[in-house]
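Trainee: build the 3D model from these lines:
(2 chains)
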Protein chains: 2
Amino acid sequence: MKNVAIIGVGLIGGSFALDIKSKYPEVKIRAIDANAKHIQEAIKLGIIDGETSIKELSKEDIVIVAIPVDATIEILAQVLDNISENTVVFDVGSTKQNICSKVKEHPNRRNYLAAHPIAGTEFSGPKAAITGLFQDKTNIICEVEETAFKLQEKVLKLFLDLGMRIRYMNPKAHDKHIAYVSHLSHISSFMLGKTVIEKEKNERDIFDMAGSGFESTVRLAKSSPAMWTPIFEQNKTNVIETLDEYINNLKHFKTLMENDDFQSVYQEMESTNYIKQILNGIK
Amino acid sequence: MKNVAIIGVGLIGGSFALDIKSKYPEVKIRAIDANAKHIQEAIKLGIIDGETSIKELSKEDIVIVAIPVDATIEILAQVLDNISENTVVFDVGSTKQNICSKVKEHPNRRNYLAAHPIAGTEFSGPKAAITGLFQDKTNIICEVEETAFKLQEKVLKLFLDLGMRIRYMNPKAHDKHIAYVSHLSHISSFMLGKTVIEKEKNERDIFDMAGSGFESTVRLAKSSPAMWTPIFEQNKTNVIETLDEYINNLKHFKTLMENDDFQSVYQEMESTNYIKQILNGIK
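Mentor: Next up, the predicted model:
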C-alpha cells in the first residue's frame, strides 16, 4: 500500500488518515474536500500530505469516502469511474441501503466495499480527528460478497490493523437496526436539548442546575446537522418507526404518572435497568 | 464539629462521609440505613465508624438525610424531634417543595436546611460512594432564611470545604427547573432504553452496533427505580409538563420527516446546537 485518498477530511476521514500515517509511515495520503479550508487545515495539522481530485484517483490503493451520506450517493459512481482495477473504495456512511443500490449496477461495483465504522464523537472537521478512534470499535460491512476477493483482503487488513471488530450484515438489516441504536438516540437528544432551551432560554443561570446526567443525555445534540439531516432522510422509514415507538413509550409513561400508578412507573424503570448488562456487553 | 450522622449510606450519603473523613479526620461518622447490609458494607469500606439510631441523634453536629425523597418526607419530622438545638439537619433530595412543606410548622424547623447537591452517578449503594464527588458541583439551597443563622453558617462551611458552589432558590422554582434539566433527562433515557430493548431483545448481537453515542444517551437508564419513582411522584405536575413538551417536540420532528421537510429538520438541529454553549457554561 503506497497511496491512499480520503474524500472528506473531517472527524472520520481525518482519524483514518492519522491511524494510516502511524501504522504505514510510507503511505502518501491525499485528500479531496468541498471545503478548501479543511484541506489547508489538515495539511497544517499533518493529517494529510496534499490535495488530489477525482480525476487523479487511478493511482490510489484505497479511496475512503467520508462525507455526508447524500454527498456519498452523489459522488460514488464518479469515484468508481476514475479508479484503477487495483483500487478499493469504501465509504463510512451511517446508512447503507441507498448507497449500495446506487452503485449496484456500476461496472466497477467489485471495487467498492460498503462499510460503517461505529465510531465518532459529537465534533466535526479536521481538528476533530483522533488517533486510535477505531480501536476496538465495530465496523459493519455490507454485501461483502459483491467486492472482489483481493480488494476485500486489502481493506480488511487495514480495518484489522486499525483495531476494528468486523461484523457482516445486509444493508436492509443494517439500516433497520442502526435506526434503533444510533439514529433514534440522536433525535431523543436533540429534542431534549430543544425542550430545555425553549423553556429556559431566558434563564441562563438555570443551567447551573444541570449536572453530568443532563450533559450525558444531551451530548449528541451537539452533532452536525449537515451530517445528520441526510442520514434521517435516507433512513426515513426506519427512523419514523423507531420514533413512533419511542413516542408511544413516553406517552405510556406519562399516562402511568397521570393515573398515579407509580408501581408501574417503578416496573418500567426496573425492567429497563437491563440496559446495564447490554452496555457491559458493548465494552 | 465532632459528630456527623448520615441517614442512608448510598452513593450520596457515602460520598459525604468519605469527604468529611478526609477533611475532618477527627469527626466520628455514624449511620442509619434501612438496609443492614449497607451499614456492614460501609463500615468495612471505612466509610463510616459505626451505626446509630434516630433516638440517639441529640449529640450530632450535623445529620445528613440521603435517602429517597418519599422516605425523607416520612422520617424528617421524627429526625427533627430527636436532635439538640445545635444540630443542623439537611437533606439532599431532588425535589424540595413537598419536603419543605412537610416540616414547615415543625418546632425545630430552624434546625433544618433544604439542599440539593447536583452530583451523582447512575450507580447506588455504599460501594458507589466516591471521594471528591461534590467538588465544583452546584448545591441548590432552598428557604435558607428558615434556618437558624448559626446553623446555616456551620453547614455552609461544610459545603464550601467540600468544594461546592452554592445557589439559593425557592422550592417551587427548584422543582420546576430541575424537572427540565434532570428529571426529564432520566425519562428520555429510560424510554430510549425501553424502546431499543423491546425491539432488539431477541437479537443480542445487534448491540454490537451500539456505539458511545447510544451509551451516553442511555446511561441514566441504569439509575435506581427506588430513588427515581418517588421523585417523579413528588414532582408529578412539573414532570408531566416537561414530558408533554418533549413529546410534542418529538412529534413535530416526526411530522417534518413525514413531510420530507428536511430543511426544517436541519434547522431544528442547528438551533439546538446552541446547547454547546450551554454545556460549556456547565463546566
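
Trainee: what secondary structure does the nearest residue to A:G163 once chain neighbours are set aside sit in?
Mentor: Using CB to CB, 6 or more residues apart in numbering or on different chains and skipping residues adjacent in sequence, the residue nearest A:G163 is A:Q135, 3.7 Å away. Heads up, the C-betas are built off the backbone N, CA and C, glycines and all. Three-state assignment for A:Q135 (DSSP: H, G, I helix; E, B strand; the rest coil): coil.

Trainee: can I assume A:Q135 is in contact with A:L160?
Mentor: No. Under the criterion of CB atoms under 8 Å, A:Q135 is not in contact with A:L160, lying 11.3 Å apart.

Trainee: now do the contacts for the residue nearest to A:G163.
Mentor: Contacts for A:Q135 (CB atoms under 8 Å, 6 or more residues apart in numbering or on different chains) come out as A:L162, A:G163, A:M164.

Trainee: counting neighbours, what do you get for the second one?
Mentor: This means A:G163. Neighbour count for A:G163, taken as other CB atoms under 10 Å in any protein chain shown: 15.

Trainee: secondary structure element for the nearest residue to A:N108 once chain neighbours are set aside?
Mentor: Spatially, and ignoring its direct neighbours in sequence, A:N108 is nearest to A:L80 (4.2 Å; CB to CB, 6+ apart). Using DSSP states H and E, A:L80 maps to helix A:69-81.

Trainee: try A:S264
Mentor: Under DSSP H and E, the secondary-structure element containing A:S264 is helix A:262-272.

Trainee: touching chain B at all, that helix?
Mentor: Yes. Helix A:262-272 lies within reach of chain B by CB under 8 Å from any CB of the partner chain, at A:F262, A:V265, A:Y266, A:Q267, A:E268, A:M269, A:E270, A:S271, A:T272.

Trainee: distance of the closest residue to A:I197 other than its chain neighbours relative to A:F190?
Mentor: Take A:I197 and drop its neighbours on the chain: the residue closest to it by CB to CB, 6+ apart is B:Y274, 6.1 Å away. Distance, B:Y274 to A:F190, using CB to CB, to the nearest Å: 11 Å.

Trainee: repeat for A:A129
Mentor: A:A129 is 24 Å from A:F190, by CB to CB.

Trainee: these two: which is more packed in?
Mentor: Under the criterion of other CB under 10 Å, the comparison of A:A129 against A:F190 puts A:F190 first, with 27 against 24.

Trainee: where does the more buried one land in three-state SS?
Mentor: helix.

Trainee: okay, now the domains of chain A?
Mentor: When chain A is parsed with automatic domain parsing, its domains come out as A:3-170, A:174-282.

Trainee: closest to B:V155 out of those?
Mentor: Smallest distance to B:V155 across the domains of chain A (CB to CB): 19.6 Å, for domain A:174-282.

Trainee: mean confidence score for that closest one?
Mentor: Averaged across domain A:174-282, the pLDDT comes to 92.

Trainee: what about that domain, distance to the chain center?
Mentor: When distances are taken as CA atoms, centre = their mean, to the nearest Å, domain A:174-282 is centred 19 Å away from the chain's centroid.

Trainee: ok, now stretch A:169-184?
Mentor: Its chain's C-alpha centre and that of stretch A:169-184 lie 12 Å apart, by CA atoms, centre = their mean.

Trainee: and that stretch, which residues are buried?
Mentor: Neighbour-count burial for stretch A:169-184, counted by 16 or more other CB atoms under 10 Å in any protein chain shown, picks out A:169, A:171, A:173-184.

Trainee: and it, C-alpha only, in PDB?
Mentor: The C-alpha trace of stretch A:169-184 is given here as PDB (Å, rounded to 0.1, in the frame of the first residue of the first chain):
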ATOM      1  CA  MET A 169     -24.800  -7.700   7.700                       C
ATOM      2  CA  ASN A 170     -27.100  -6.900   4.800                       C
ATOM      3  CA  PRO A 171     -27.800  -3.200   4.100                       C
ATOM      4  CA  LYS A 172     -31.500  -3.600   4.900                       C
ATOM      5  CA  ALA A 173     -30.800  -5.100   8.400                       C
ATOM      6  CA  HIS A 174     -28.100  -2.500   9.000                       C
ATOM      7  CA  ASP A 175     -30.400   0.400   8.300                       C
ATOM      8  CA  LYS A 176     -33.200  -1.000  10.400                       C
ATOM      9  CA  HIS A 177     -31.100  -1.800  13.500                       C
ATOM     10  CA  ILE A 178     -28.900   1.300  13.300                       C
ATOM     11  CA  ALA A 179     -32.100   3.400  13.500                       C
ATOM     12  CA  TYR A 180     -32.600   2.000  17.000                       C
ATOM     13  CA  VAL A 181     -29.100   2.000  18.400                       C
ATOM     14  CA  SER A 182     -27.900   5.200  16.800                       C
ATOM     15  CA  HIS A 183     -30.300   7.400  14.800                       C
ATOM     16  CA  LEU A 184     -33.100   7.400  17.500                       C
END
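
Trainee: any residue of that stretch up close to chain B?
Mentor: Yes. Stretch A:169-184 reaches chain B (CB under 8 Å from any CB) through A:H174, A:H177, A:I178, A:Y180, A:V181, A:S182, A:L184.

Trainee: what segments of chain A are strands?
Mentor: According to DSSP state E, chain A carries its strands in the segments A:3-7, A:28-32, A:50-51, A:62-65, A:88-91, A:112-117, A:138-142, A:165-169.

Trainee: mind putting these in TSV, mean pLDDT included?
Mentor: TSV is the format used below for the strands of chain A (pLDDT from 0 to 100):
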stretch	mean pLDDT
strand A:3-7	98
strand A:28-32	98
strand A:50-51	97
strand A:62-65	98
strand A:88-91	98
strand A:112-117	98
strand A:138-142	96
strand A:165-169	95
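
Trainee: right, I'll leave it there.
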